[in-house]
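Student: need coordinates for the below:
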Amino acid sequence: MAQHSSSAHALPQTALPQGNQLQKGSLGLWSIIFFVIAAASPLTGVVGGLPVAFMAGNGAGVPCVYVLAGALLLIFSFGFIAMSRYVVNAGAFYAYIAQGLGTHSGIAGLGIALLAYTAIQLAVTAMFGFFFAQFVQMHTGIAAPWWLFSLLMQAAVVALGIAKIELGGKVLGVLMLMEVGIVVLVDAAIVTQPIAFDISAFTPSTVFHGDVGIAMIFAICSFVGFETTVIYSEECRQPAKIIPRATLLAVVLITSFFSLSGWAFVQYARAAHVADLAANDPGMFVFTVTE
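Tutor: Residues are numbered from 1 along each chain as shown. The predicted structure is shown next:
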């Protein structure tokens with residue numbers, strides 16, 4: 001009887017399918033950076049966030065605000081990655097707060113994170129519906145409601161979410177490479193024009209003119225997902241080395257991408273006019289410049 005009871009208790013551990021466990025040592029440095037940059041959604045930040053930052057923020061000073069945001073997050077990252085060496089857990093912020101301040105504080109932090117991510121998800125979903133409705137009307141003449149496309153997009157996201165992770169990863173990879181490529185091509189087309197470079201966007205008088213706080217909000221939001229490096233600790237090769245490098249590299253790459261892209265648009269419109277040009281039609285600002 002005792003032997004039967006002992007083997008019954010041991011059964012769940014030995015019978016657990018390997019496919020339901022995290023695959024140890026399956027992710028390297030660039031795999032994690034890839035996931036982080038994909039979560040930051042570069043094209044969404046450029047098309048949706050950058051024009052509003054120009055219009056409602058500090059105008060031509062926006063590119064430097066991205067640099068300031070990146071510097072702040074780098075400082076934060078040093079403490080963040082120091083914790084990752086001692087707490088290897090897919091819970092990320094929740095796990096760290098719970099370890100340092102207790103379970104109740106961890107749950108409070110979890111609630112704030114869920115609220116913030118839900119708000120971001122609603123904003124991104126509505127943004128997708130708006131731009132897709134514009135696209136359909138432009139090419140077919142059909143004026144369909146934006147929320148219809150938002151619902152279709154969410155259905156596709158759910159379908160990919162419950163499918164095999166390899167399928168979602170491949171779709172995500174293709175889309176991310178395309179969106180980064182589009183922005184880089186636009187930036188290159190602008191900066192190769194035969195016009196004098198305008199670096200006033202990085203001068204203090206320009207940076208601290210207007211509503212710097214609003215611009216900072218959009219800049220910080222463009223880094224959403226950089227903290228997700230630590231959730232891959234259990235699947236990462238040598239997490240003590242790779243997680244810190246991935247976190248710092250991700251912040252540097254995202255900072256460079258958005259700062260240089262913002263400066264390219266300032267270069268196109270010139271510092272004195274970029275805010276007005278964005279205010280004329282913030283939804284189509286990037287498309288207008290690209291054309």
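Student: where does the chain have low pLDDT?
Tutor: When residues are selected by pLDDT under 70, those of the chain lie in 1-26, 90, 165-166, 169.
Student: swap the cut-off to 50 and go again
Tutor: 1-17 (pLDDT under 50).
Student: can you give me the helices for it?
Tutor: With DSSP state H, the ranges of helices along the chain come out as 2-15, 29-40, 42-44, 50-56, 62-84, 93-101, 103-140, 146-162, 165-191, 204-207, 212-221, 239-269, 274-280, 285-290.
Student: which stretch among these comes nearest V230?
Tutor: For those, distance to V230 was read as CB to CB. The smallest value, 4.6 Å, belongs to helix 62-84. The C-beta positions use only the backbone N, C-alpha and C, and glycine is treated the same way.
Student: just checking, what packs against the closest one?
Tutor: Under the contact criterion of 3 or more CB pairs under 8 Å, 6 or more residues apart in numbering; DSSP states H and E, the helices and strands touching helix 62-84 comprise helix 50-56, helix 93-101, helix 204-207, helix 212-221, helix 239-269.
Student: ranking the ones you listed by burial, who's on top?
Tutor: A comparison of those by mean neighbour count, using mean count of other CB atoms under 10 Å, puts helix 50-56 on top with a mean of 24.
Student: and for that one, what's in contact with it?
Tutor: Among residues not part of helix 50-56, those counted as contacts by CB atoms under 8 Å, 6 or more residues apart in numbering are 60, 62, 65, 211, 214-215, 218-219, 258, 261-262, 265, 274-275, 277-279, 282-283, 285-286.
Student: dump the helices and strands packed on helix 62-84 to TSV, plus distance to P194.
Tutor: Converted to TSV, the helices and strands packed on helix 62-84 look like this (distance: least, CB to CB, whole Å):
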stretch	distance to P194
helix 50-56	24
helix 93-101	48
helix 204-207	24
helix 212-221	30
helix 239-269	12
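Student: nearest spatial neighbour of the residue most central in space within the chain, chain-adjacent residues omitted?
Tutor: By CA atoms, centre = their mean, the chain has its centre lying nearest to A40, at 1.1 Å. With CB to CB, 6 or more residues apart in numbering as the criterion, A40 has its nearest non-adjacent residue at 5.0 Å, and that residue is G225.
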